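Colleague: Just need the structure, nothing else, for what follows:
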Amino acid sequence: MSEHNMSMAVDRIGSLPDEILIHILSFVPTKQAFVTSILSKRWTHLWCFVPNLDFSDTKLKNGEDSSRFSNFVNTVFHSQDCFGSHAINSFILDIDHFFSGLLPCGTYYINGWVDILVERKVQYLNLYLHAPVNWEETIPPTLPTAIFTSTTLVVLKLCWFFMGVDFPFPFTFPSLKTLHLKDFYFHQQSDFFMLLDGCPVLQDLQLSNINRGHFDFASLLYLSSSRLKNLNRADIIDCHCIFPMKSLSNLEFLRIQLLEYDQPNDFPTFHNLIHLVINYDGDIVVQVLHHCPKLQNLELYRKLQGCNWEDEFIEEDDQENWVDSEFVPPCFSLNLTTCTIRDFAFAGLQHCHIMLAKFILKNARVLRTMTILCNKKQSKVERLLSSCPRASTTCQLSIY
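Modeller: Alright, predicted model coming up:
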């Protein structure tokens, strides 16, 4: 584009009303919005009125980077104050190399920023601190206590924080609908339940690597299942705690990683669940499916430990047991239409994987598609499964 044409393009954008320009700037990172202040006198202060602050992909390699970044964020808040723009709808802080840059003064700055955000009634808050390589030897920053005083938060996403002993109790997030926690540590398990119990309208819960290897298996009495009656989506991966599964009975979507202490018999009946993503672990998967009568979409991914079907189903003569009407989950009869199996393994566990796939093909009466993603030996999978009888005459088997 020539310099003349570029100038005309800028002029056309500049002719738009301030409200439209501010709306456009709300979709770009704050640093880019700030740069527009040099375009012309009219643009000098427009960025100060942007209600969405995005400090994503921030890399702090040393103390100098840390100082510049902290000063910039403080400048943004101060500039908004000067021009009477106090509303902040969303705030995203994504810092890489956090521990080599922003600490030790970093938590002080973050606490101050959260104080301002809560005061300005932020609705979307995402604080993402990348855990260091030696995360097992490092204590994460303590979660700012001001967060617990917010009455306006609708979405809260946190990575690499510690919920310590100083948080105010009791507390309630009356508007919080989405809660995502990653690499998150609690002082004790009861704190985890208190947090959930303080989210009465929660709809979307995502947990990943919670209290890895440092969990106190305390009482479940702190969480009342009625408090999560609005929850319809949960993603629970690497959650090293006793999770109160009965509080999830209203889910429509569930992604879960079964660990060695999970007991499917303690699961509730998921009357509304239509999409399940779960690691395949032999008969444990089938036990869980018995609790999902309306399930339509099933995704299975590679399990972490050995298959425990070997003793019961490995013999060829015993294969008829798979069609036992009492053993087949109810969802196989009327609802299950799609099944995807990922990371199909062939390292000593191939038989139980094949048996699981055959079990589904032989008993899922309305199954439309089964998709199998292999990590090797695709032709062998095709040979073993292509001739398998199918309960559904319209089922399409795809193997990649």
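Colleague: list the contacts for residue 374?
Modeller: Listed by C-beta atoms under 8 Å, 6 or more residues apart in numbering, the contact set of residue 374 reads 344, 381, 399, 400. Any C-beta I mention is one placed from the backbone N, CA and C, and that applies to glycine too.
Colleague: chain center to stretch 339-359, what's the gap?
Modeller: In terms of C-alpha atoms, centre = their mean, to the nearest Å, the centre of stretch 339-359 is set 26 Å apart from its chain centre.
Colleague: Of all the residues in it, which ones are buried?
Modeller: 339-342, 344-345, 349-350, 352-359 (16 or more other C-beta atoms under 10 Å).
Colleague: among those, which are in helices?
Modeller: Residues of the buried residues of stretch 339-359 located in helices (DSSP state H): 350, 352, 353, 354, 355, 356, 357, 358, 359.
Colleague: Out of the residues you listed, which two are the most distant from each other?
Modeller: 350 and 359 (14.7 Å; C-beta to C-beta).
Colleague: Sketch out the low-pLDDT regions of the protein for me.
Modeller: Applying pLDDT under 70 to the chain flags the ranges 1-11, 85, 97-106, 134-136, 212-226, 241-242, 260-262, 281-283, 303-325, 345-350.
Colleague: Longest helix in it, please.
Modeller: helix 63-82.
Colleague: just the strands in this structure please.
Modeller: Secondary structure of the chain, counting by DSSP state E: strands at 52-59, 90-96, 124-129, 155-163, 178-186, 204-210, 233-239, 253-256, 275-279, 297-301, 338-344, 369-374, 396-399.
Colleague: For the ones you listed, give me JSON lines that also has distance to residue 66.
Modeller: Shown next, in JSON lines, are those (distance: least, C-beta to C-beta, whole Å):
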{"stretch": "strand 52-59", "distance to residue 66": "10"}
{"stretch": "strand 90-96", "distance to residue 66": "9"}
{"stretch": "strand 124-129", "distance to residue 66": "13"}
{"stretch": "strand 155-163", "distance to residue 66": "16"}
{"stretch": "strand 178-186", "distance to residue 66": "21"}
{"stretch": "strand 204-210", "distance to residue 66": "26"}
{"stretch": "strand 233-239", "distance to residue 66": "30"}
{"stretch": "strand 253-256", "distance to residue 66": "36"}
{"stretch": "strand 275-279", "distance to residue 66": "39"}
{"stretch": "strand 297-301", "distance to residue 66": "39"}
{"stretch": "strand 338-344", "distance to residue 66": "40"}
{"stretch": "strand 369-374", "distance to residue 66": "43"}
{"stretch": "strand 396-399", "distance to residue 66": "50"}
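Colleague: By neighbours, which of the contacts of residue 374 wins?
Modeller: residue 344 (25 neighbours; other C-beta atoms under 10 Å).
Colleague: Contacts only, for it.
Modeller: So residue 344 contacts 302, 353, 372, 373, 374, 375, 381 (C-beta under 8 Å, 6+ apart).
Colleague: same thing with residue 199?
Modeller: 172, 173, 176, 179, 227, 228.
Colleague: Which of those sits closest to residue 90?
Modeller: Closest approach between the contacts of residue 199 and residue 90, by C-beta to C-beta: residue 176, at 14.1 Å.
Colleague: measure that closest one to residue 244 for me?
Modeller: Plainly put, residue 176 is 18 Å away from residue 244 if you go by C-beta to C-beta, to the nearest Å.
Colleague: Between the two, tell me which one has more neighbours.
Modeller: Using other C-beta under 10 Å as the criterion, residue 176 and residue 244 rank with residue 176 on top: 23 against 19.
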